[in-house]
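Engineer: Here you go, sequence then predicted model.
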Amino acid sequence: MEFLLCILAGVLVAGATFMMLDRNMVKFLFGIILLSNAANLVIFAGGRVVQGRPAFIPDGAYVPPDDIANALPQALILTAIVIGFGLLSYALVLAYRSYQEIGTVDMDEIGMKRVLGDDQDDLAHVPAENKNQESVK
Amino acid sequence: MVLFGFSRRCKHFFRTMKDIMNSAVRIFFTLVATGSFALFALLLSCFADITAGNPVVLAYEWVPALGVNLDFYIDGLALLFALLITGIGGVIFLYSAAYFAKDKQGIRVGIYLSLFALSMLGLVTADNLLTLFVFWELTTLTSFFLIGTKHEKEDARAKAFQALIVTGLGGLAFLAGVILMGQAAGTYRISDIIEMDMTGHALYPYIFGLVALGCMTKSAQFPFHFWLPNAMAAPSPISAYLHSATMVKAGIFILARFHPTLGGTDLWFYTLLVLGGVTAVWASVLALREKDLKLMMAYTTLMALGTITLYLSSDSPASIQAGMAFLLVHALYKATLFLVVGNIEKATGTRDWSKLSSLGRVMPFTAVCAGLAALSMAGIPPFLGFIGKELIYKSALTFPGFSWLVTAQMFVAASLMAAIAFFVILHVFRPAAKPVMPVKKLKQIPPLMKYPYMVLALLGLAMGLYPAFGAEMLTNAAAFSILGAVPADGMTDFKLWHGVNTALLLSILTMVTALFMALRFAQLSAFVTRILAWLPPGCERGYNRCMSAIQAFAHLVTDILQNGRQRFYVMTCFATLIALTALAYIRTPFVPYANMADIVAIPWYQWMIAAVIILGVMITILAHGRLLAICALGVIGTTVAVLFSMFGAPDVAMTQFMVEILVVIIMSIVMLRLPHFTGKAHGSRAGRLRDAIVACVAGVIVTIVMLRITYTPFDRSMTDYYEQNSYVAAHGRNIVNVVLVDFRAMDTLGEIMVVAIAGLACFALVNLGRSKRKAHS
């Protein structure tokens, strides 16, 4: 039963890795979504699965019947889904804002801009008097 | 008008503040000087006790668990150093009170200087190896700050840094040596260790090598000597205190301290003999080249340090006594001479001897001090320097093994030093007929810089006239601590007149040679400079090469690892993950991952679901349009949710559905504002292939690892606990919910906070842009 989940986790990780190596920041974000799905499946399979027996205690009983689904990984996945969502929204807004500021979503171009940006910062440290002199010239 | 009046009042206020600050510097230094003299008096009160062979021991527990105690142990050796530190320290603090009075950084320098004095005092009296090391490092650190006093000059910063690097590296070696020594001895208590003889221990060569490396860097022995002249970037009183009288002698102190434990072997003997001898001769030659009086003094200090190191190599009582006597002599005259140079610089604004002459006429007090100290340095009777030099010659003549070599070295070094001493008197201070510089434009020297340090110069004379009183007792007490016992045939008496012997004849020869050289000093200096120009570049070049090589290497590593390309970082992370997992996989024993029966048992609709997910991944990767990719992502998410619900996780499935819908909506909104995909996805075809290979390997590794995990036995005890207690203890029938809100409620709280913070951060990011745009328009 877990066999299928393991294969799927592998496929999702492969897809996520490939997309995260893309130059486009948006594809990188898609990769993150796939990766968080893969992580959930890994936790799920790691806790072993049974088919169609949710972790409930029937009315009138104090303990659940034998051989029900493992509740602990489910709780962990719930947490992981929500946190993954938080991460994704933040990354999305960050991507959006960086596109607004830098004007590109190409990772390699952003790297180049960062190097150029350092030089501009150096100019910003030049004392005010020098700048004035230059502007007078 | 109001503004004008206000600014004038402000100016007045600041001037008053400045006066107070100046007097604060004065008050501070005077207080510290008083404290220093009080300690000096306290140590003197123990003098009789300690010289009689009863060390003072003080003990406090500091970190008992690690065996680090604040124990102090003052024997003859520690007493000699402690008296120098407090006595010379007091005089120098008084001098500094005037020297730094108008300096903005006066208080700062004062704090560092007093911290240094305390650390140095701790260093020489510590009875625990680790405490000793802490004090050792404190002196290095305070020295760094003090050399860099004029930190607005790049040159001073570079020199301070150099001193820190050289002595700091030596400090690391020293730490390793100290720990090895403690391990080998089984105790960190110094007073116990110096009772032992470690020369036979298996670790002895390492202990000696590491400790000696620390001492050689700290005491600026060849080939690490270059940092000391560079440390002259510090103001004169600091150089006088740290780089002549005390700190640079810390290495010598350690060598003397562990002489009983580590000394007496060939390794010890030859290392100290060669390095000390080379330092002494080489430094006195280099001193001739300098035009700067302070640098001259620095090189003669190196010569003295080399001499003392050389004399510590042997374990004959005569040479140990000579070494300790020379240490005391040198501290007295050299501190004085540095302060004299400080006065000259303050009054004339230069330290270049070629621009100075006839100062005796205009600076009589300074000239008297300089004369007293220089005569002691030259070794003229009846000064203490004469007695020191007699002892040095006497013990050189009987030096075990290499007496002719040591005698020759000492003769060269002593004559050059005496020549420099004579030259300072004759050229700089002697009233000349035609002075090189106009003598009218001198600045006034404040009284605190004139009188107190005269005590040091006079001590050199007084101790020479009555040597048996102070100098002999102190020197012999230190020598006895090094030797461990009073030698059977006693020590040489400190006397001015020992009758006509070889040492006296050598002394006379030295004087004649020195006088001759002093009269021809300018020619000699030019000659030495010309000779030195032919020689290959020195040790400092080596240091600079090392430093630039380290920097180049750091740049290289940074360029490779921090190249600013996100995709490279991602690639590095995945490659590392793959490599580490593969490594772990190879090292574990083989187990079967899956059996056919399980695979066949999977029903057809589950295969269909898996196929949908795989298809979704393919579409996401290959999609040219953004909306198609988002839709495919949505399909993947919802199909995963179906999987959850199928395997008994309805709550997870519900959440996944909800989140998936939200993700699709938010993604679509943001996508509208982002540009379309371009063709430059993975750079080139090769890049695409490389990325695809990395991705496939990562996926395969994850699948293999997961299969392996699911085919190992499973420990369900934690879930069993939750199942047993879910209703009984927490009154809930949905076990997943109970786990979330009860058993692991703190996790859930943390999760909520993460989402809340992410939401706030998104809000802030979006609004930040908005206000900026408004400001632009």
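Structural biologist: Happy to help now that I have it.
Engineer: Flag the shaky bits of chain A, pLDDT-wise.
Structural biologist: In the prediction, chain A carries residues with pLDDT under 70 at positions A:1, A:112-137.
Engineer: Would you tell me which helix is longest in it?
Structural biologist: Selection of the longest helix in chain A by residue count, based on DSSP state H, yields helix A:71-102.
Engineer: That one and chain B in contact?
Structural biologist: Yes: judged by C-beta under 8 Å from any C-beta of the partner chain, helix A:71-102 comes into contact with chain B through A:71-72, A:74-75, A:77-79, A:81-90, A:92-97, A:99-101. Using the backbone N, CA and C atoms, a C-beta is placed for each residue, glycine as well.
Engineer: Check which helices and strands that helix sits against.
Structural biologist: Under the contact definition 3 or more C-beta pairs under 8 Å, 6 or more residues apart in numbering or on different chains; DSSP states H and E, helix A:71-102 sits against helix A:25-46, helix A:107-124, helix B:650-672, helix B:717-728, helix B:735-738, helix B:745-776.
Engineer: Any chance of a ChimeraX selection covering the buried ones in the residues of helix A:71-102 next to chain B?
Structural biologist: This is the ChimeraX syntax for the buried subset of the residues of helix A:71-102 next to chain B, where burial follows 16 or more other C-beta atoms under 10 Å in any protein chain shown:
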select /A:71,72,74,75,77,78,79,81,82,83,84,85,86,87,88,89,90,92,93,95,96,99
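Engineer: Three-state assignment for the nearest residue to B:Met667 once chain neighbours are set aside, please.
Structural biologist: Closest residue to B:Met667 in three dimensions, ignoring its sequence neighbours and counting by C-beta to C-beta, 6 or more residues apart in numbering or on different chains: B:Ile630, at 5.0 Å. Recorded secondary structure, B:Ile630: helix (DSSP: H, G, I helix; E, B strand; the rest coil).
Engineer: Would you mind listing where the stretch 1-150 of chain B has pLDDT under the threshold?
Structural biologist: When the per-residue scores of the stretch 1-150 of chain B are filtered using pLDDT under 70, the ranges that remain are B:1-22, B:67.
Engineer: Where do the helices of it begin and end?
Structural biologist: B:2-45, B:47-51, B:76-99, B:106-125, B:129-147 (DSSP state H, counting those that start in this stretch).
Engineer: tell me the most buried of those helices?
Structural biologist: Taking mean count of other C-beta atoms under 10 Å in any protein chain shown as the contact definition, the stretch among the helices of the stretch 1-150 of chain B with the greatest mean neighbour count is helix B:76-99, which reaches a mean of 26.
Engineer: what about dumping the CA coordinates of that helix to PDB?
Structural biologist: Once non-C-alpha atoms are left out, helix B:76-99 reads as follows in PDB (Å, rounded to 0.1, in the frame of the first residue of the first chain):
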ATOM      1  CA  GLY B  76      60.800  35.400  43.600                       C
ATOM      2  CA  LEU B  77      60.300  35.400  39.800                       C
ATOM      3  CA  ALA B  78      56.700  36.700  40.100                       C
ATOM      4  CA  LEU B  79      57.800  39.300  42.600                       C
ATOM      5  CA  LEU B  80      60.500  40.700  40.200                       C
ATOM      6  CA  PHE B  81      57.900  41.000  37.400                       C
ATOM      7  CA  ALA B  82      55.100  42.300  39.700                       C
ATOM      8  CA  LEU B  83      57.400  45.000  41.200                       C
ATOM      9  CA  LEU B  84      58.400  46.100  37.700                       C
ATOM     10  CA  ILE B  85      54.700  46.100  36.500                       C
ATOM     11  CA  THR B  86      53.500  48.200  39.500                       C
ATOM     12  CA  GLY B  87      56.500  50.400  40.000                       C
ATOM     13  CA  ILE B  88      57.200  51.300  36.400                       C
ATOM     14  CA  GLY B  89      53.400  51.300  35.800                       C
ATOM     15  CA  GLY B  90      52.900  53.900  38.600                       C
ATOM     16  CA  VAL B  91      55.500  56.200  37.100                       C
ATOM     17  CA  ILE B  92      54.100  55.800  33.600                       C
ATOM     18  CA  PHE B  93      50.500  56.500  34.700                       C
ATOM     19  CA  LEU B  94      51.700  59.800  36.300                       C
ATOM     20  CA  TYR B  95      53.500  60.600  33.000                       C
ATOM     21  CA  SER B  96      50.400  59.700  31.000                       C
ATOM     22  CA  ALA B  97      48.300  62.000  33.200                       C
ATOM     23  CA  ALA B  98      50.100  64.900  31.500                       C
ATOM     24  CA  TYR B  99      50.700  63.200  28.200                       C
END
